[in-house]
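**Q** pasting the structure only:
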């Protein structure tokens, strides 16, 4: 079924806000618009339930139940058990907490692998290993930006205990085959951590099927509040040392959340599940895990259809270098362009034309440098999601024609 853009946009108050009228939003990789269901739940929590949750009085009981609802429903959509899903203040914070646990778990002589295709959140923390632990770099192909399996295979041996890589890069955009990479790593006896921040906004992944031991993404880029969601599969999570208060050690979803949760934002995250359920039902499907799979496929199909003309346009420009694949099927709609001038200057030229885009290095200095792009100059990044329309992509191309 084709995506119903009118219905979708009606679920996002931003599209009826006067200040945002006539503005086409192409910086979604930095943070998406928030859906109405999340806003409504957040408002309700702050106005009716802003008390300590899980106490035996009405407002508290309801607040705790809503927090549990968010974990239960989103974990089902991700294909994992409820206690395998943790909420934290951000994905970056979740990565640093997980890296601290791994540092205590590793032994001298062990090795880990981290890629140079990563956003710094899933690169920097893993490089802070203790003395005696080797950090190996899975380097991207400097011509294509791809992470190649043969290169990874050459790095794997019995010393490697962990491999960290992105589901897709926030500048290269190519979607990595998480299931295939995970199978390779597991066959070598190591664990896998996947940064899903740049993928999850384009359809919730089935983490259970992908097989990753840890999978992280950001709710604020997935139509929700400012939270980091982290799946930690039980067999790995229980092997790692507790990073929280000692009395939370026996609770898997609390082991890697040293600070207390943001009650309101965790509860509001249930609005993300509301949106995916409503999306699936409107498009002829069910709810829960089944609905999430349908929503994923419809969102991706819509994005691929809109993305290919943009890729074709920028690929034909001699003054533009497109980073990553030219085929929309193999990438997310996150399009980074190297220009003669700075990416930030190009974004500033687009702004008066009603195009909201971003320029800079986007905390991706390692992949940009590996691709021969000066991080100081940066790139122009154009990113959209399923609520973007064909008309907006056409407007973007017309604006690029004027500014490039």
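**A** Everything's here; your move. All figures in this text were calculated on a predicted structure; none of them were measured in a lab.
**Q** Flag every buried residue along stretch 12-25.
**A** Residues of stretch 12-25 classed as buried under the neighbour-count rule (16 or more other Cβ atoms under 10 Å) are 12, 14-15, 24-25. Every residue, glycine included, has its C-beta placed from N, CA and C.
**Q** err, stretch 144-154, not the other one
**A** Neighbour counts using 16+ other Cβ under 10 Å place 145-147, 152 of stretch 144-154 among the buried residues.
**Q** Include distance to residue 403 and secondary structure when you put these into TSV, please.
**A** Compiled in TSV, those are given as follows (distance: Cβ to Cβ, whole Å; DSSP: H, G, I helix; E, B strand; the rest coil):
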residue	distance to residue 403	secondary structure
145	24	coil
146	29	coil
147	32	coil
152	39	helix
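**Q** which one of those is nearest residue 319?
**A** residue 145 (19.4 Å; Cβ to Cβ).
**Q** Now do the same contact list for the closest one.
**A** Residue 145 makes contact with 117, 169, 172, 174, 323-324, 367, 371, according to Cβ atoms under 8 Å, 6 or more residues apart in numbering.
**Q** Could you list the residues in contact with the helix or strand in which residue 276 is found?
**A** When secondary structure is defined by DSSP states H and E, residue 276 falls within helix 270-282. Outside of helix 270-282, the residues within contact range by Cβ under 8 Å, 6+ apart are 4, 7-8, 11, 35-42, 66, 69-70, 73-74, 77, 204, 219, 222-224, 286-288, 290-292, 294-295, 298.
**Q** Likewise for stretch 93-100?
**A** Outside of stretch 93-100, the residues within contact range by Cβ under 8 Å, 6+ apart are 86, 88, 121-122, 125-126, 128, 193, 195, 214, 216, 228, 230, 232, 240, 243, 256-258.
**Q** before we move on, back to that, okay, among the buried residues of stretch 12-25, which ones form the most distant pair?
**A** The two members of those with the most space between them (Cβ to Cβ) are 12 and 24, at 13.8 Å.
**Q** what about the helices in the stretch 251-400 of the chain?
**A** 263-268, 270-282, 288-315, 343-350, 365-370, 390-403 (DSSP state H, counting those that start in this stretch).
**Q** among the contacts of helix 270-282, which ones are buried?
**A** By neighbour count, with 16+ other Cβ under 10 Å, the contacts of helix 270-282 hold 8, 11, 35-39, 41-42, 66, 69-70, 73-74, 77, 204, 219, 222-224, 287, 291-292, 294-295, 298 as buried.
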